[in-house]
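Participant: Structure of the sequence below:
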Amino acid sequence: MEKMLEVEILPPYVPSAAEQEDPVLYANNVRAEMAKAMGVECTNHSYDDAKMFQEACNLGIAPEAMDFEVHDMRQKLLVDVDHMTSCMKDFKAKDVNGDGLIDRREFVQGYRKLGHLFDFIDTDGSGTISYIELVAGLAALSGKASNKTRAKLAFHSLDQDDSGQVQGKTDGTSWGPMAAETFVAFSETPLGKRVVEVELNRLMGATKEF
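Facilitator: So this is what the prediction gives:
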């Protein structure tokens, strides 16, 4: 059976004065016209997205887990393709049942000493960790996150008994007890910054898996 290919030739696109000065603007506007003619939306998918998708296919990761744009991930999480690829391999290893998600049991088994961080990484409270959530969590652990996010991570790490309160002694100075919101505000003080730094350094040293 022969396959038919239909080609539509659009009218010539004449760049405006602004577009002649800005090749990126020109390219984006041409792309928008082509998308309009095809009745589809423009996205920021790039060769990096194709590379990531191919890697996911090679690892046997469900396509649904890769529903994101690399450009968007870079902007929001300050991560690069190498970090995302490394997380992909880690995600595949921890997703024992292959359903495209990491549940609490798989997380605790896979990360052992960091099981108490499950709820921090499970940001949508679904009871499972998606690939994107794992990327964000690992980024925070490696320092690629905002100060507020790092403070929240330190709080969850310190609150190992899920009491909702943390306290301690850092560099000879006692602090706390305090709840999460108070701790985040405290993290903006010199002592608070030191507390977060010490706890996250301890956390990083707790396992070589992150």
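Participant: Pop out the phi and psi values for the closest residue to Met66 other than its chain neighbours.
Facilitator: Distances taken as Cβ to Cβ, 6 or more residues apart in numbering place Ala56 nearest to Met66, at 5.0 Å, with adjacent residues excluded. For the C-beta atoms, the positions are set from N, CA and C on the backbone; glycine is no exception. Phi and psi for Ala56, reported as degrees, to the nearest 10, are phi -60, psi -40.
Participant: Please apply the same query to Gln167.
Facilitator: Per-residue torsions, Gln167: phi -160, psi 160 (degrees, to the nearest 10).
Participant: again, but for Thr170
Facilitator: phi -130, psi 130.
Participant: Show me the helices in the protein, by range?
Facilitator: Secondary structure of the chain (DSSP state H): helices located at 17-21, 23-38, 47-59, 70-77, 81-94, 104-111, 118-121, 131-141, 147-158, 180-186, 190-206.
Participant: Check those for me: which has the lowest mean pLDDT.
Facilitator: Here those differ in mean pLDDT, and the lowest is helix 70-77 at a mean of 74.
Participant: Go ahead and flag the most central residue of the chain.
Facilitator: Centroid-nearest residue in the chain: Ala136, 3.0 Å away (criterion: Cα atoms, centre = their mean).
Participant: follow-up on the earlier one: out of the helices of the chain, the one nearest Glu2 is which?
Facilitator: helix 23-38 (22.9 Å; Cβ to Cβ).
Participant: name the helices or strands packed onto the closest one?
Facilitator: helix 17-21 (3 or more Cβ pairs under 8 Å, 6 or more residues apart in numbering; DSSP states H and E).
Participant: How about Ala62, nearest residue that isn't a chain neighbour?
Facilitator: Gly100 (3.7 Å).
Participant: was I right about that neighbour contacting Ala65?
Facilitator: Yes - with contacts counted by Cβ atoms under 8 Å, Gly100 reaches Ala65, the gap being 4.5 Å.
Participant: Common neighbours of these two, please.
Facilitator: Ser130, Tyr131 (Cβ atoms under 8 Å, 6 or more residues apart in numbering).
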